[in-house]
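1. What follows is a predicted protein model with its sequence.
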Amino acid sequence: MDLTTLIERARAQDLEAFAEITRRFQHMAFGYALSILRDLGHAEDVVQEAFVAAWFGLTRLEDPAAFPGWLRGILRHQAHRVLRRRAAETLPLAEAQDLPAESPEPEGRIERRRRAGAVLAAVTELPEPLREAVILFYVHECSQQDIATFLGLPITTVNNRLHEARARLKRRVIAMVKDALESHALPDDFAARVGRILRAREGLMEARFDPEALPGILTELTVSDETRQRAVPMQVVQRLPDGVVRAVAADAGETLAAGMAVRSEQRLARSRPTPERFQRIVRALTGTRDEPPPPPRLLESGIKVVDVMCPLAAGGTVAVAGENRSGTVVMVEELVRRLCDGTDRLSIFSMVPFPLTVPFEELWKAEGFSEGTVGAVETFYLPGEEGPWTADGLAALSGVDTVIRLSAAVRDIGIYPPVDPLTSRSQLLETPAVTAEHRDVAARGRQALALLASAPEEPPSPETATAWRRARKLQRFLSQPFVVAEPYTKLPGLYVSLREALPACRAILDGECDALPEAAFAFTGTLEDVRHAAAARRGG
């Protein structure tokens, strides 16, 4: 079996495959470790440690063909740790002939299995402070400084714990053999939360974790910057395939490096992005630069209130934000499902209001919502809050082409999706990407809805009563059944083209629908659907 296949099977927890990898590379590993250490006993210990680290770190190996060089890097790292703990001793390389045979005798395999089981048991029985340090040091290859950063301890305390743990274990090390790993899991949950940076640039990084302990979206990470002996807080904004998460730094100017250790804090992010930082995050995640963008084009979603009042830009960016329980995540998912099969890319930045009423993990498991990149649509999640993210502050937010704001007040009158056109906006309405008719209808619609917002229960005066009633019909016409809500509303999700929605809005504002009852406009599709609903009501 070729190496790539073996690596892929081993990543899927196939111990037989990793046993074969160990058999193929054990001589190379011993020879390499021996060339550095010149001590057979220490070389054997280092090789055992290295294969354990390789087993738990396989998900971080991007190219299976690079395994030999990657393993040598682990061996070199482990060997130099040993060198730092002792004075160098000379040993003739000729003694390499005493290395174990490729196929050990049955007695040897039994003994190795017994030793490995005893060592794993001994590690498990260590006091928790010592166990944390040992697993982070040996399994995750964290330096003493990394461990000090993650545990919030002085480095001298970390060194003392490692020294005491080694003494308790009597220099026994974890052996990589098939039967020693029957549990398929680390003996400690804390260590399973540690990953490594794969790629990094200013204010942004991608890190790989154990897929079974993948940090959640909107949760906090801590990066150990060993060189500067500090902890760098990050926020998970996206989860990618193969155990990779994308995160942004609390300070957009942070520059990190591949290989740094990262710990999942298993708590929601505490810092909220300011409008200025939000703009930097958008630039970093979309790769946008200061050069002139291509001519804008409208990206049709089939959602009336979006396409008419705050249209999306093809290849552009949109911020979706809302108040608690106004359906922010539902709106994002609806956009993803409607647009993911298209050819025009869209980057969605969702400012999720805190506190969360439903944890993200539960929402995705229960509803099957998407995350990361689905076809042409890429989604990023950031923590939102009151203040700059509400009303006019959000409408004025720069850095994205479109802002869609969902309102609890609109929700409370039974309008879904509860988009507030008065605090949503789109730059496309100021460009030739939309027609003059579109700009006129959007402006008139916003003016009508502003009148309605000033007097939601009754007309402010007899002179405005007609305009007020038309505004209520427009508001209800802009409601629409969603695909993602079908299991709850029992209504099929509707797609209404801009070609149908725009003249319908104009007809409502011009008074052509004055004779139709207000109730007929809610949760329908086209104006023709409204007329059918009105006729059905009259017939009843």
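-> Structure received. Residues are numbered from 1 along each chain as shown.

2. Quick one: the strands in the stretch 351-500 of the chain, in order.
-> Counting by DSSP state E, counting those that start in this stretch, residue ranges of the strands within the stretch 351-500 of the chain are 373-374, 377-384, 402-406, 425-426.

3. Given the first one, what are its sheet partners and their directions?
-> Same thing as strand 373-374. Using DSSP bridges, the neighbouring strands of strand 373-374 in the sheet come out as strand 377-384 (antiparallel).

4. Buried residues, the strand it pairs with. List them.
-> Applying a neighbour-count criterion of 16 or more other Cβ atoms under 10 Å, one finds 377-384 buried in strand 377-384. Placement of C-beta: from N, CA and C, glycine included.

5. Kindly report the same for stretch 59-67.
-> Neighbour counts over stretch 59-67 (16+ other Cβ under 10 Å) mark 59-61, 64, 67 as buried.

6. Can you give the domain ranges for this protein?
-> According to automatic domain parsing, the chain is divided into the following domains: 3-181, 193-271, 277-286+296-429, 444-539.

7. now the second one: how far from the chain's centre is it?
-> What separates the centre of domain 193-271 from the centre of its chain is 10 Å, taken as Cα atoms, centre = their mean, to the nearest Å.

8. Likewise for stretch 301-321?
-> Using Cα atoms, centre = their mean, the distance between the centre of stretch 301-321 and that of its chain works out at 23 Å.

9. Quick one: low-confidence residue ranges for the stretch 351-500 of the chain.
-> By pLDDT under 70, the weakly predicted segments of the stretch 351-500 of the chain are 355, 357-361, 363-368, 385-396.

10. mind running it again at 90?
-> 351-374, 382-399, 408, 455-458, 460, 485, 487-490 (pLDDT under 90).

11. Could you identify the longest helix within the protein?
-> Once the chain is assigned using DSSP state H, the helix that runs over the most residues is helix 15-37.

12. Show me what the next helix or strand after it is packed against.
-> Sequence-wise, the next helix or strand beyond helix 15-37 is helix 40-57, with elements assigned using DSSP states H and E. Other elements packing on helix 40-57 under the criterion 3 or more Cβ pairs under 8 Å, 6 or more residues apart in numbering; DSSP states H and E are helix 15-37, helix 67-85, helix 128-138.

13. Need the winner for burial among these.
-> The highest mean neighbour count among these belongs to helix 128-138 (a mean of 21), with neighbours defined as mean count of other Cβ atoms under 10 Å.

14. for it, what is the average pLDDT?
-> The average of the pLDDT scores along helix 128-138 is 81.

15. Now render the buried residues of stretch 59-67 as CSV, adding distance to residue 36.
-> Supplementary listing: the buried residues of stretch 59-67 in CSV, determined by distance: Cβ to Cβ, whole Å:
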residue, distance to residue 36
59, 27
60, 23
61, 22
64, 25
67, 19
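
16. Next, give me the two most distant ones among those.
-> Within the buried residues of stretch 59-67, 59 and 67 form the most distant pair, 12.9 Å apart (Cβ to Cβ).

17. Can you name the element that comes right after the lengthiest strand in the chain?
-> Counting residues, the longest strand found in the chain (DSSP state E) is strand 230-240. Proceeding C-terminally, strand 230-240 gives way to strand 244-249 as the next helix or strand, assigned by DSSP H and E.

18. Packing partners of the following helix or strand past that following strand?
-> Counting by DSSP H and E, the element after strand 244-249 in chain order, helix or strand, is strand 261-268. Applying 3+ Cβ pairs under 8 Å, 6+ apart, one finds that strand 261-268 contacts helix 144-151, strand 194-201, strand 219-225.

19. please redo it, this time with the cut-off set to 10 Å
-> Under the contact criterion of 3 or more Cβ pairs under 10 Å, 6 or more residues apart in numbering; DSSP states H and E, strand 261-268 touches helix 144-151, helix 189-192, strand 194-201, strand 204-208, strand 219-225, strand 230-240, strand 244-249.

20. Now do the buried residues in it.
-> Of the residues in strand 261-268, those with enough neighbours to count as buried (16+ other Cβ under 10 Å) are 261-265, 268.

21. will you turn the residues you listed into JSON lines that also has pLDDT?
-> Putting these into JSON lines (pLDDT from 0 to 100) gives the following:
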{"residue": "261", "pLDDT": "89"}
{"residue": "262", "pLDDT": "92"}
{"residue": "263", "pLDDT": "91"}
{"residue": "264", "pLDDT": "92"}
{"residue": "265", "pLDDT": "90"}
{"residue": "268", "pLDDT": "87"}
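
22. Take those and write them to JSON lines, including distance to residue 305.
-> Output for those, formatted as JSON lines (distance: Cβ to Cβ, whole Å):
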{"residue": "261", "distance to residue 305": "46"}
{"residue": "262", "distance to residue 305": "40"}
{"residue": "263", "distance to residue 305": "42"}
{"residue": "264", "distance to residue 305": "38"}
{"residue": "265", "distance to residue 305": "38"}
{"residue": "268", "distance to residue 305": "30"}
